[in-house]
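> any chance you can model this:
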Amino acid sequence: MRRATTRPTLTCTPIGDMLAWPEEHYRCVGDDCDAIIRHVRAALNVNDWADETLSGERVRDDRPKLLRDDPKRWWDELAAAMLAGDDRAGNAYSVLSGLGDYSGMRTMSHYHRAGERIAPRPDREPPFCCSSPMWASPDGWACRKSGRVFPYAA
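Below you'll find the predicted structure:
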């Protein structure tokens, strides 16, 4: 028979400046993407970050213009080229039709991800709690050990 154990409750006492970090900007890590990225709230009730461009774009649609504007015509032209003996069109048709069945064509999308920071971080340390630096979340500073969130100071 297993004996019940209780975990010790951590007493979180943040030490340091509880002001929020200023908004930081990053370069997108995509090879062909030169977008400037910032961290924003991932979703309404989610206390985590997502990456988006300064114009609010999280995902870039990389599909060919004709496929975006008139998908039926694009697929018909690709099928006609394939039937005319174009091997590249045949390969593209085969691969893209299969990907569409399994992934909903998300393979032609670029998800922006933050890479190199553009400007240096503020010249201050994050607050500490339970002897570890705290994590900056959309709702405030979070203790890394207990997970408790402390709202940013005004």
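
> please count neighbours and contacts with C-alpha atoms only from this point.
Will do.

> helices or strands up against the helix or strand of the chain with the lowest mean pLDDT?
Least confident helix or strand of the chain, by mean pLDDT, DSSP states H and E, is helix 87-103 with a mean of 73. If you count contacts as 3 or more CA pairs under 8 Å, 6 or more residues apart in numbering; DSSP states H and E, helix 87-103 packs onto helix 71-83.

> report the buried residues of the helix it packs on.
Residues of helix 71-83 classed as buried by neighbour count (16 or more other CA atoms under 10 Å): Trp74, Trp75, Leu78, Ala79, Ala81, Met82.

> now swap in stretch 81-97 and tell me
Taking 16+ other CA under 10 Å as the criterion, stretch 81-97 shows Ala81, Met82, Ala89, Gly90, Tyr93, Leu96 as buried.

> need the max-distance pair from those residues.
Spatial extent of the buried residues of stretch 81-97 (CA to CA) is set by the pair Ala81 and Leu96 at 14.5 Å.

> sorry, back to before: any chance of the buried residues of helix 71-83 in JSON lines, plus distance to Gly147 and pLDDT?
Putting the buried residues of helix 71-83 into JSON lines (distance: CA to CA, whole Å; pLDDT from 0 to 100) gives the following:
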{"residue": "Trp74", "distance to Gly147": "50", "pLDDT": "80"}
{"residue": "Trp75", "distance to Gly147": "50", "pLDDT": "83"}
{"residue": "Leu78", "distance to Gly147": "52", "pLDDT": "84"}
{"residue": "Ala79", "distance to Gly147": "54", "pLDDT": "86"}
{"residue": "Ala81", "distance to Gly147": "57", "pLDDT": "89"}
{"residue": "Met82", "distance to Gly147": "56", "pLDDT": "86"}
